[in-house]
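Participant: need a 3D model of the following:
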Amino acid sequence: MKAISLLLATAFALAGLSHAELKLPAIFSDSMVLQQKQEDQVWGWDAPGTKVTVSFAGQLKTAEAGKDGRWTVKLDAMPANATPQTMMVKGTSERVLTDILIGEVWMCSGQSNMRFSLKDDWKGELEVMTAKFPQIRLIRVPEVGTQELQDDFKGKWESCTPESAADFSAVGFFYGRYLQQILGVPVGLISNSWSGSAAEAWVRRESLQNDPRFRDTMEGWRKREEQITSATAESDYQVAIEGWKKEAAAAQAEGKTPPRAPDSPKALLTGHARPGNIFNGVVNPTIGYGMKGVIWYQGESNSTRAWEYAKLFPFMIERWRAEWKQGDFPFYWVQLADFREEQAEPGESPWAELRESQTKTLSLPNTGQAVILDLGESNDIHPKNKADVAARLARLALANDYGIRISHRSPVFKSAEIIPGKIKVTLDCDGGALRTRDVSAVRGFAICGADKAWKWAQAKITGDDTLEVWSDKVPEPAAIRYAWADNPACNLLTKDGLPVGTFRSDDFELTTRPKPPEMKASP
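Facilitator: Prediction:
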């Protein structure tokens, strides 16, 4: 019996190997773009121990599939090439990939404003009809939220056509088009944005758990997950569903629009806010693919926790760079636009605090920020002018990564000096000169005294990078703020058209900083 069992086991093992097949992840497909001027990893899976060869552009690389079946080779750095080439991969079977270009690869990440499709841009109809760029290639990573690491996704590279571009990221498309037309090399764009996503979902969960700065956030999620998976939560949901069915039926009978069905509490478990979910399901399958850098448009979902974002956002960037093992690759983001009603009086603003947290992240190397305080819409969280957003991101890359002399950085706060009755403000304008937009008077400043009571202020440009700020209501000024509102009425920019972002000279406590727990009095 032992001999028979051994023979059967051997037969099944051999049968498994005979059906083993070479597999490539979706990130490697026909029409892809490989990153120029750096080593490019190619990987896949095959039967353990199988010798795999990758042939491309005169190179022949070999690897052996490990115990888990994974194999990896590294192609030598290659110059840009717009002539379609073929890659042959041989293992237990053979795959041939065609129409491959070599150029610049950028990842387009974030939430809904990065996900915002080209067809919905103000000029979307015209832009879609003219989106015929065979040297631009597009791939979209679908939304998969999970606590389990994924190594692949469903998708493929496509040439940029009106059909493939219509639903692609508008910011990503315009950014890629600027680069392709200016640099004259192929461009590959990886879109993996997820509407409404929170920054903590884009980070490996273990990394967050191991950092004490995010202890409260992770503990809050642990309790939430415990509650979501409880029997009580499920029974409450079923009661809500039954109530909704009755309301929906009544509404239909009256010819009215039925109310929206209640969300299952378990939807949070696979959603875009749970720590680690997007990293596992969306980011991880692409880690290691050769790219130049990342453009990022996110922050709205974290605005109520802006103080934490000053730590979380740079942490996310650092973790991505560590995971990719490509050094400090460029990472450029869009600062939050103006949104909601203008404030009648100066005061606090979570969105301003989030913008400040974004600006603080410029302390990391190879980063940049596109300020768009002039491009938002007070009644729409998704401003539809994405071409100008992409242009400001493209300026950063062209200047920092491609050696093109072009104005690219919005002014940032440098210093504030109290002078009799006024405050002298100095900005770092990166060689540019200040001016106003729309009207000659400078708008957007508030000033306060020692009482911290903010008043609208007047301001005057006194030099290329200096201003004086004052208010008749604040005879002894102590601090100033600029564009400190969800939707600030502000108009400072450089003569090259780059707006000044939100800043302040004070160090007052932020409203989004968590309050320490109250100490209970002893009995």
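
Participant: just the buried positions in the longest helix anywhere in the chain, please.
Facilitator: Counting residues, the longest helix found in the chain (DSSP state H) is helix 231-253. By 16 or more other C-beta atoms under 10 Å, the buried positions in helix 231-253 come out as 237, 248. For every residue, glycine as well, the C-beta is placed using N, CA and C.

Participant: ok, and what's touching that helix?
Facilitator: 227, 257-259, 261-262, 264-265 (C-beta atoms under 8 Å, 6 or more residues apart in numbering).

Participant: and with 10 Å instead?
Facilitator: Residues from elsewhere that reach helix 231-253, judged by C-beta atoms under 10 Å, 6 or more residues apart in numbering: 226-228, 230, 256-267.

Participant: got the CA coordinates for that helix in CSV?
Facilitator: Only the C-alpha atoms of helix 231-253 are listed here, as CSV (Å, rounded to 0.1, in the frame of the first residue of the first chain):
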residue,chain,number,x,y,z
ALA,A,231,-23.3,39.6,15.1
THR,A,232,-24.9,42.8,16.3
ALA,A,233,-23.7,44.8,13.3
GLU,A,234,-25.1,42.2,10.9
SER,A,235,-28.5,42.0,12.6
ASP,A,236,-28.7,45.8,12.6
TYR,A,237,-27.9,45.9,8.9
GLN,A,238,-30.6,43.3,8.1
VAL,A,239,-33.1,45.4,10.0
ALA,A,240,-32.0,48.5,8.0
ILE,A,241,-32.3,46.6,4.7
GLU,A,242,-35.9,45.5,5.5
GLY,A,243,-36.8,49.1,6.4
TRP,A,244,-35.2,50.3,3.2
LYS,A,245,-37.2,47.8,1.1
LYS,A,246,-40.5,49.2,2.5
GLU,A,247,-39.4,52.8,1.9
ALA,A,248,-38.3,52.0,-1.6
ALA,A,249,-41.5,50.2,-2.5
ALA,A,250,-43.5,53.2,-1.1
ALA,A,251,-41.5,55.6,-3.1
GLN,A,252,-41.9,53.7,-6.4
ALA,A,253,-45.6,53.4,-5.8
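
Participant: mind listing the strands for the stretch 101-250 of the chain?
Facilitator: Secondary structure of the stretch 101-250 of the chain (DSSP state E, counting those that start in this stretch): strands at 133-140, 158-160, 187-191.

Participant: how far out from the middle of the chain is the first one?
Facilitator: How far strand 133-140 lies from its chain's middle: 19 Å, per C-alpha atoms, centre = their mean, to the nearest Å.

Participant: and if you look at the shortest one?
Facilitator: Computed by C-alpha atoms, centre = their mean, the separation of strand 158-160 from the middle of its chain amounts to 22 Å.

Participant: ok, stretch 285-296 next?
Facilitator: The answer for stretch 285-296 is 12 Å, by C-alpha atoms, centre = their mean.

Participant: need the CA coordinates for that stretch. PDB is fine.
Facilitator: Output of stretch 285-296 as PDB, limited to C-alpha atoms (Å, rounded to 0.1, in the frame of the first residue of the first chain):
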ATOM      1  CA  PRO A 285       1.200  44.100  -7.900                       C
ATOM      2  CA  THR A 286       3.200  46.900  -9.600                       C
ATOM      3  CA  ILE A 287       6.000  47.200  -7.100                       C
ATOM      4  CA  GLY A 288       9.300  46.800  -8.900                       C
ATOM      5  CA  TYR A 289       8.200  47.800 -12.300                       C
ATOM      6  CA  GLY A 290      10.600  50.300 -13.700                       C
ATOM      7  CA  MET A 291       9.300  53.900 -13.500                       C
ATOM      8  CA  LYS A 292      10.500  57.400 -13.400                       C
ATOM      9  CA  GLY A 293       8.200  58.600 -10.600                       C
ATOM     10  CA  VAL A 294       4.800  59.300  -9.200                       C
ATOM     11  CA  ILE A 295       2.200  62.100  -9.500                       C
ATOM     12  CA  TRP A 296      -0.300  62.200  -6.700                       C
END
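
Participant: give the buried residues for it.
Facilitator: Here stretch 285-296 shows 285-296 as buried, counting by 16+ other C-beta under 10 Å.

Participant: give me the mean pLDDT for stretch 334-341.
Facilitator: Stretch 334-341 comes out with an average pLDDT of 96.

Participant: buried stuff in that stretch?
Facilitator: Applying a neighbour-count criterion of 16+ other C-beta under 10 Å, the buried positions in stretch 334-341 are 334-339.

Participant: endpoints of that stretch, how far apart?
Facilitator: Terminal residues of stretch 334-341 are spaced 21 Å apart (C-alpha to C-alpha, to the nearest Å).

Participant: and if you look at stretch 49-67?
Facilitator: Length of stretch 49-67, first residue to last, C-alpha to C-alpha: 7 Å.

Participant: now the helices: where do they sit in the stretch 351-500 of the chain?
Facilitator: 386-401 (DSSP state H, counting those that start in this stretch).
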